[in-house]
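S.K.: Here is a sequence with its predicted model. Questions after.
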Amino acid sequence: MEPAQLIDALSKAHRAHLLAQLQSEDHWQAQMTHASEVLADKPLGSLVDSDILTRVVDNWLQLAFSAEGVQPVVEAVSLQVWEAASQDPATVAQLLREEHFDAVLEQVLKLQSLREKAIHAAMSHPLVSEMVSEMLYTGIKNFLLEENALAKLPGVSSVMKMGRKSVVGKAMGGMEENIRDYLRKNIRVTLRTGEQWLNRQLTNERIEQLARDGYRRMAPLKPADALKLIPDGTVTEVVRQGCLITDESAKLEYTRRLVSVGIVAAVKELETLPLGKLLEGMKISEQQVRDLLAPALAQGAKVLVEAGVLEPLLQWTLDDFYQSDACKDAISQA
């Protein structure tokens, strides 16, 4: 047999062998078992260069990252998930058990300083000022009109007998601007009083009581009922805006700096953590991983074969060796 014919025969046999292997669950089981033995005592962090990984991710964020290309996919997935969630009978209690709620609440109660700043920011907002001013004005006006407060003033009672409502109405018309002006001038003092009152009332004990009461009221409710109230088109628009925001934020120095810090921290933490210990902490064994992944990988290979993708990729990969001078020289010498 000529060297070229032998090389071609070996290449075809090698390709056929790999195609069969990649579609076999036993092959993947054996490969993962071997990998597990090799990696058994090696910390995962030692297998990664954090500097190179950080540089690759940073370049990707700067130059290539854009969610626009996957927006139709994200939109389709989001709509299907939203539709399924809006039909699901699960309750709040099933999605968030009470012990988990208590654990989150415990952490929230520690944020007293942040809570006070949030109250201050809310009470300082112009919309709150307008709302409180309008509420006070409405209360004063209703009191004067409905409780006949003006009629009790000296010299007014006799006049009221001639037409109470018209007189009070005229009196209010003349006082309206004075009341509103007084409220505008004193609204900051009023809001400051309100802020102090809220800080006194919203103690950890009170917040805990309110939060637990709120959880117990919401526990039997179904999120699906709330999702059905969302107008059509909302999910699509949220996805669109989310993709735009993601594109913008990915290129910010702030985002890239945090991603870099996160990668370095993750690699450092994994420097003393071998695969077995990691899986143990995740409450899953290596055998369970193999049993889960082997069928999926074998079936995935079958799908790629049926799609006509895997064989050309293998041929291209193998030809890199079988068509090389090193292979031809070895065959010729043999």
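M.R.: Happy to help now that I have it.

S.K.: switch to C-alpha atoms for all contacts and neighbour counts from now on
M.R.: Fine.

S.K.: any idea how this protein splits into domains?
M.R.: Using automatic domain parsing, the domain parsing of the chain gives 3-67+251-333, 94-221.

S.K.: Need the ones you listed in TSV (columns: mean neighbour count, mean pLDDT and distance to residue 237).
M.R.: TSV is the format used below for the domains of the chain (neighbours: other Cα atoms under 10 Å; pLDDT from 0 to 100; distance: least, Cα to Cα, whole Å):
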stretch	mean neighbour count	mean pLDDT	distance to residue 237
domain 3-67+251-333	15	88	14
domain 94-221	14	82	26
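
S.K.: closest to residue 229 out of the ones you listed?
M.R.: Nearest of the domains of the chain to residue 229, taken as Cα to Cα: domain 94-221 at 14.1 Å.

S.K.: Would you list the phi and psi of residue 43?
M.R.: Per-residue torsions, residue 43: phi -60, psi 140 (degrees, to the nearest 10).

S.K.: Next, the contact list for the nearest residue to it once chain neighbours are set aside, please.
M.R.: Nearest residue to residue 43, sequence neighbours excluded (Cα to Cα, 6 or more residues apart in numbering): residue 274, at 4.1 Å. With contact taken as Cα atoms under 8 Å, 6 or more residues apart in numbering, residue 274 is in contact with 39-44.

S.K.: rewinding a little: between the domains of the chain, which one is nearest to residue 230?
M.R.: Here domain 94-221 is closest among the domains of the chain (Cα to Cα), at 16.4 Å.

S.K.: In terms of pLDDT, where does the residue nearest to residue 67 when sequence neighbours are not counted sit?
M.R.: Nearest residue to residue 67 in three dimensions, chain neighbours excluded: residue 243, at 5.2 Å (Cα to Cα, 6+ apart). On the pLDDT scale, residue 243 is placed at 87.

S.K.: likewise the one 3 residues further on?
M.R.: On the pLDDT scale, residue 246 is placed at 85.

S.K.: Distance check, it against residue 87.
M.R.: The spacing between residue 246 and residue 87, counted by Cα to Cα, to the nearest Å, is 29 Å.

S.K.: do residue 261 as well
M.R.: Here residue 261 is placed at a distance of 41 Å from residue 87 (Cα to Cα).

S.K.: next one: residue 254
M.R.: With the distance defined as Cα to Cα, residue 254 ends up 39 Å from residue 87.

S.K.: which residues touch stretch 68-76?
M.R.: Residues contacting stretch 68-76 (Cα under 8 Å, 6+ apart): 235-236, 239-240, 243-244, 247.

S.K.: who wins for most neighbours among those residues?
M.R.: residue 243 (20 neighbours; other Cα atoms under 10 Å).

S.K.: Please name the residues that touch that one.
M.R.: Taking Cα under 8 Å, 6+ apart as the test, what residue 243 contacts is 66-68, 71.

S.K.: Please state the offset of the strand or helix carrying it from the chain centre?
M.R.: Assigned by DSSP states H and E, residue 243 belongs to helix 234-250. Relative to its chain's centre, helix 234-250 lies at 13 Å (Cα atoms, centre = their mean, to the nearest Å).

S.K.: Could I get the domains of the chain in JSON lines, plus columns for distance to residue 81?
M.R.: Shown next, in JSON lines, are the domains of the chain (distance: least, Cα to Cα, whole Å):
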{"stretch": "domain 3-67+251-333", "distance to residue 81": "19"}
{"stretch": "domain 94-221", "distance to residue 81": "16"}
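
S.K.: Setting aside sequence neighbours, what's the nearest residue to residue 92?
M.R.: residue 219 (4.8 Å).

S.K.: ignore the last one, residue 300
M.R.: Closest to residue 300 by Cα to Cα, 6+ apart is residue 23, at 7.9 Å.

S.K.: In contact with that neighbour, which residues?
M.R.: Residue 23 makes contacts with 297-302, as judged by Cα under 8 Å, 6+ apart.

S.K.: Can you name the element that comes right after the helix holding residue 243?
M.R.: Next element after helix 234-250 (DSSP H and E): helix 253-270.

S.K.: so what does that following helix touch, helix or strand wise?
M.R.: helix 50-59 (3 or more Cα pairs under 8 Å, 6 or more residues apart in numbering; DSSP states H and E).
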